[in-house]
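Q: predicted model and sequence below, questions to follow.
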Amino acid sequence: MLYCLTVIGEALAAVSDETYLRLASVPPGLPKAQRNLIVHEYWRIDPEVIWVTVQQQLPALILDVCAVLDE
């Protein structure tokens, strides 16, 4: 699960600013910050935060990405 969040953080850091703004569910900079925490400061990871990310934020991100791809 942590690896997947790392990949998502990397991918979101690579999209254009214009596209990033169209992903309403993604707070600016948060995926990259979470990716950095997972990769570089893994001892500070809060399992509850990870669980909320997976359960609540990822489904919203999926919907946003699908909407952007359908445009």
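A: It's in.
Q: what sits against Ile50?
A: By CB atoms under 8 Å, 6 or more residues apart in numbering, Ile50 lies in contact with 1-2, 5. C-beta here means a position set from N, CA and C on the backbone, and glycine is covered the same way.
Q: same check, this time on Gly29
A: With CB under 8 Å, 6+ apart, Gly29 has no contacts at all.
Q: check the offset of the helix-or-strand element of the chain with minimal mean pLDDT from the chain's centre.
A: Using mean pLDDT, DSSP states H and E, the weakest-scoring helix or strand in the chain turns out to be helix 17-21, at a mean of 90. A distance of 14 Å separates the centroid of the chain from that of helix 17-21, by CA atoms, centre = their mean, to the nearest Å.
Q: tell me the buried residues in it?
A: Tyr20 (16 or more other CB atoms under 10 Å).
Q: other residues contacting that helix?
A: 12, 26, 28, 68.
Q: farthest pair within the residues you listed?
A: With CB to CB as the measure, no two of the contacts of helix 17-21 lie farther apart than Pro28 and Val68, at 16.0 Å.
Q: ok, now how distant is the residue sitting nearest the centre point of the chain from Trp51?
A: For the chain, the residue nearest the mean C-alpha position is Pro31 (3.9 Å; CA atoms, centre = their mean). In this structure, Pro31 and Trp51 are 16 Å apart, going by CB to CB, to the nearest Å.
Q: same question for Glu10.
A: Using CB to CB, we find Glu10 at a distance of 21 Å from Trp51.
Q: now which of the contacts of helix 17-21 would you call buried?
A: 12, 26.
Q: okay if I get the contacts of helix 17-21 as CSV plus pLDDT, secondary structure and distance to Ile38?
A: Shown next, in CSV, are the contacts of helix 17-21 (pLDDT from 0 to 100; DSSP: H, G, I helix; E, B strand; the rest coil; distance: CB to CB, whole Å):
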residue, pLDDT, secondary structure, distance to Ile38
Leu12, 91, helix, 13
Val26, 88, coil, 16
Pro28, 85, coil, 18
Val68, 93, helix, 25
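Q: report how many residues lie close to Val61.
A: No Val there; residue 61 is Leu. 18 (other CB atoms under 10 Å).
Q: sweet, I'm off.
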